[in-house]
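*Asks:* sharing a sequence plus its predicted fold:
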2 protein chains.
Amino acid sequence: MSSSIKDVALHAGVSVGTVSNVLNHPSRVSSKTVKRVQKSINELGFVRNDAARQLRAGESRTIALLVFDAANPFFTALARGAEDAATDEGYSVILANTSESQEREHSYLDLFEEQRVRGILISPYGDVEERLSALKKFGIPSVLVDRVSENQVFSSVSVDDHAGGTIAANHLLGLGRTRIGFVGGPLEIPQVADRLRGAQDALQASPGATLTIFETSATTVLEGRTAGEKIREMSPAERPNALFAANDLVAIGLLQALVATGSLRVPDDIAIIGYDDIDFATSAIVPLTSIRQPSALMGETALKLLREEALDPSKKPRRVVFQPELVIRESA
Amino acid sequence: MSSSIKDVALHAGVSVGTVSNVLNHPSRVSSKTVKRVQKSINELGFVRNDAARQLRAGESRTIALLVFDAANPFFTALARGAEDAATDEGYSVILANTSESQEREHSYLDLFEEQRVRGILISPYGDVEERLSALKKFGIPSVLVDRVSENQVFSSVSVDDHAGGTIAANHLLGLGRTRIGFVGGPLEIPQVADRLRGAQDALQASPGATLTIFETSATTVLEGRTAGEKIREMSPAERPNALFAANDLVAIGLLQALVATGSLRVPDDIAIIGYDDIDFATSAIVPLTSIRQPSALMGETALKLLREEALDPSKKPRRVVFQPELVIRESA
DNA sequence: ACCTAACTTTGAAACGATTCAATCTAGAAT
DNA sequence: ATTCTAGATTGAATCGTTTCAAAGTTAGGT
């Protein structure tokens, strides 16, 4: 059904070694022979069998990207960054989605191990550091994405959420707002906690300003709206005149509760700043000011770190932390 | 670094054939031996080399899913359906995102060909039917997703958009609305055109009702909002009292223009129905009534069709068309 | 004790590529 | 004409599995 290198060799009247050289080291072969072999390859419709190549070569050219929520725009952007970088390096990226299932996370890691992928980019869902350590010993390096390694065993790419919180708070303070509310939660989520702490630290420097926390049970549109309804009912004197949402989804919920009813104007009565700068932020009722994470760049960087480790397994893990960026639109 | 079946055989004191049988046909091996071999496998941390297995077995157990926009919730849901079905069948699904690049679409197809994947699920972006035909001849079947095969060469899974349009229009008519507007475009997109035609056909049966088309240049939130602003300015007598949006994003834009300003009430003054039932529909300002496409089921079905073709390459291509479903919330 | 049938186990061959030492050019230098 | 050299070509060995015919083992029936 599919022809092998042997068939090509026969057809072109050369040895299999020569065909292989045409494929992998064309410079070693005379240009006359290269042409002849190429012709045979085309005529026979030969396609290199990756399994055989990998078996002999001992290493694959594919990198796996494992995320727990492929629907999250942040991850798709990140994936794209990684893919672009991989293409440049001659690697291919395959994506797998664990759909927030620990079981599936493990079974994909099994698959990748059997496939001897060149490396793994993972935004972990369950507790996998141990498993990843085993993989590393086995010769498959991984890089953590959007999460730092607890024991510094793995390289990681993340964003400085503390700085992001500070930037957001400072922007609101810069607009002259002094009664600031933080909306988001649960506060156990590292990302949320860091953003809050960053904001608190910024407030320290502004004596007159206060920060109130409105904790939610999740960072969703719905929770944001619920919080917003509560805020709407507060007396004008007590009510914050600026809100910092833990992410854009929450911010959109806030907008719905505050603006949709026409009771308050954003940003005039109350300024709102989000986090993540998802695509939808631009087209919110009031275009959302937000803190952008360099998702594509993160993917690109993660891939580079992975390549470093793949080339030199003894390399010390590196931790790259990106700085978030303020994107000003209309809501604040 | 990684141990082979040979090492396991040596360690367990059996032949390589026996180890292989333990792995693939445990029933052929005495339970005593199975246990002993299993123990050696664990102690040595043996992991089957998929490349070698595939080389010898001649077939892989992975299926590729190629989409042009992994960020689209519709595709991620579909992917999940396919993954679930694949897991049941003992296959693994790997996802690749072409990011709306024809070049990348081709290079992924090349990769999958080299990897000899068992089959390909593809929602085509460029013109790939020819390439897919070649792959089929080569032994790799594909199934088209959300698009039907022009020349009936491939199996496909899609949704009856015409029926969806009819359902939407009938629902609005059932609410007693007679001045209906269709918002979406461009009308060249097959999906949009079919939905509109479905609505028109439904209107035929209701003599008193009229349908006005508000064509947009894309099915985005922004375009929806622009259209909504125009509609808002119309005189009450002329203005539609119900809108059918080509998809949920457009519907959300309409909501923003009509509700956010407080000028009109939805659904009291004007009913709105969307299409796709994306996750965000539930948490729109006014929870959106929509037409649901069975995305997960589509993925599942596509996988089943693919398996059929993989087992019997001479099988006639099948075309499965799903019926969409009305999801009633508050907007209509 | 012997034969048979059923069950276990063995080990060499095969899958298709890459590698590399060995052999073979062809042309330059002597 | 002979030697040398760099480049081109060869082909056997190898990667780690699976397969399958052949050989080995066991237990039951006579």
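*Replies:* Okay, I see it.

*Asks:* which residue does the stretch 151-300 of chain A have closest to DNA strand C?
*Replies:* Of all residues in the stretch 151-300 of chain A, the one sitting closest to DNA strand C is residue A:155 (26.8 Å; Cβ to the nearest atom of the strand). For the C-beta atoms, the positions are set from N, CA and C on the backbone; glycine is no exception.

*Asks:* per-residue confidence for that residue?
*Replies:* According to the model's per-residue confidence, residue A:155 sits at a pLDDT of 95.

*Asks:* next up, phi/psi of it, please.
*Replies:* Reported as degrees, to the nearest 10, the phi and psi values for residue A:155 are phi -70, psi 150.

*Asks:* next, the buried residues of stretch A:236-253.
*Replies:* A:239-253 (16 or more other Cβ atoms under 10 Å in any protein chain shown).

*Asks:* of those residues, which belong to strands?
*Replies:* Residues of those located in strands (DSSP state E): A:242, A:243, A:244, A:245.

*Asks:* so the nearest residue to residue A:196 once chain neighbours are set aside is in which element?
*Replies:* Spatial nearest neighbour of residue A:196, excluding adjacent residues (Cβ to Cβ, 6 or more residues apart in numbering or on different chains): residue A:182 at 5.5 Å. For residue A:182, the enclosing helix or strand under DSSP states H and E is strand A:179-184.

*Asks:* show me what that strand packs onto, helices and strands only.
*Replies:* Counting by 3 or more Cβ pairs under 8 Å, 6 or more residues apart in numbering or on different chains; DSSP states H and E, the packing neighbours recorded for strand A:179-184 are helix A:161-174, helix A:190-204, strand A:210-215, helix A:221-233, strand A:242-245, helix A:248-259.

*Asks:* so how far is residue A:320 from residue A:154?
*Replies:* Counting by Cβ to Cβ, to the nearest Å, the gap between residue A:154 and residue A:320 amounts to 12 Å.

*Asks:* of these two, who's got more company?
*Replies:* Residue environment comparison for residue A:154 versus residue A:320 gives the larger neighbour count to residue A:154, 25 against 17, counting by other Cβ atoms under 10 Å in any protein chain shown.

*Asks:* surely that one meets residue A:128?
*Replies:* No. Taking Cβ atoms under 8 Å as the definition, residue A:154 is not a contact partner of residue A:128, at 10.2 Å.

*Asks:* closest to DNA strand D among the ones in strands among the buried residues of stretch A:236-253?
*Replies:* Relative to DNA strand D, and with distances defined as Cβ to the nearest atom of the strand, the nearest of these is residue A:245, at 50.9 Å.

*Asks:* residue of chain A nearest DNA strand D, please.
*Replies:* Distances from chain A to DNA strand D, computed as Cβ to the nearest atom of the strand, single out residue A:17 as the nearest residue at 2.4 Å.

*Asks:* identify the residues contacting residue A:208.
*Replies:* Taking Cβ atoms under 8 Å, 6 or more residues apart in numbering or on different chains as the contact definition, residue A:208 lies against residue A:178.

*Asks:* same thing with residue A:302?
*Replies:* Residues touching residue A:302, when contacts are defined by Cβ under 8 Å, 6+ apart, comprise A:78, A:82, A:121, A:143, A:145, A:157.

*Asks:* quick revisit: how about TSV for the helices and strands packed on strand A:179-184, with mean pLDDT and distance to residue A:45 added?
*Replies:* Supplementary listing: those in TSV, determined by pLDDT from 0 to 100; distance: least, Cβ to Cβ, whole Å:
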stretch	mean pLDDT	distance to residue A:45
helix A:161-174	97	52
helix A:190-204	94	50
strand A:210-215	97	62
helix A:221-233	93	52
strand A:242-245	98	56
helix A:248-259	89	49
